[in-house]
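Colleague: Next comes the sequence, and after it the predicted model I'd like to discuss.
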Amino acid sequence: MAQNPGRTPAEASEFDQLELPDRSARGLLRHFGPGIILMMTGIGTSHLVTAPTAGGRFAYALLWCLPVAYIFKYYGFEMAFRFTNATGKSLIEAYATARGKWPLWYVLVTTLIQCAIGQAGRLIAAAAVVYYV
């Protein structure tokens, strides 16, 4: 057992008992498979339709948006991850502690609007498919 001044003996023994995942192709698929499936469910209309359409219309003029969006996205996800690990509370629970609870209402209203717009888009796409078939 390696000596680490930052760990108690109980923590060190738990750490030493951890097993690394199997590095074969099947083992890696087994280890990363659920995350890949979850990631694939997040791919939606914006990735498959909107982004190529914007690329076709504006060429490289909007290329600067990608790194800016990913920078904001990264820090948002990182903040949420750290907050949840540090406090054990979800972000919705954190929003509920604000004075006036306006962040909670903001999340609720924007989620409902986003759901309505998303459903309208799906209905329009389905109607177009039915119309042209």
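Modeller: On my side now, so go ahead. Numbering: from 1, shown residues only.
Colleague: For this protein, give me the ranges with low pLDDT.
Modeller: 1-6, 45-46 (pLDDT under 70).
Colleague: Looking at the record's assignment, how would you partition it?
Modeller: In terms of domains, the chain is parsed into 21-53, 98-133 (source: automatic domain parsing).
Colleague: Just put those in a markdown table and tack on mean neighbour count and distance to Leu62.
Modeller: C-betas here are computed from N, CA, C, even on glycine. Below are the domains of the chain laid out as a markdown table (neighbours: other CB atoms under 10 Å; distance: least, CB to CB, whole Å):
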| stretch | mean neighbour count | distance to Leu62 |
| --- | --- | --- |
| domain 21-53 | 10 | 9 |
| domain 98-133 | 10 | 20 |
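Colleague: which one of those domains lies closest to Ala80?
Modeller: domain 98-133 (12.4 Å; CB to CB).
Colleague: so how far is the closest one off the chain centroid?
Modeller: Centroid displacement of domain 98-133 relative to its chain, using CA atoms, centre = their mean, to the nearest Å, is 18 Å.
Colleague: could the domains of the chain go into a markdown table alongside distance to Val68?
Modeller: Compiled in a markdown table, those are given as follows (distance: least, CB to CB, whole Å):
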| stretch | distance to Val68 |
| --- | --- |
| domain 21-53 | 15 |
| domain 98-133 | 20 |
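Colleague: Look up which helix or strand His31 falls in, please.
Modeller: Take DSSP states H and E as the rule and His31 turns out to sit in helix 25-41.
Colleague: So which elements touch the helix ranked longest in the chain?
Modeller: Counting by DSSP state H, the longest helix found in the chain is helix 102-132. Counting contacts by 3 or more CB pairs under 8 Å, 6 or more residues apart in numbering; DSSP states H and E, helix 102-132 packs against helix 45, helix 91-96.
Colleague: So which of these is nearest Leu28?
Modeller: Per CB to CB, nearest to Leu28 of the helices and strands packed on helix 102-132: helix 45, 30.2 Å.
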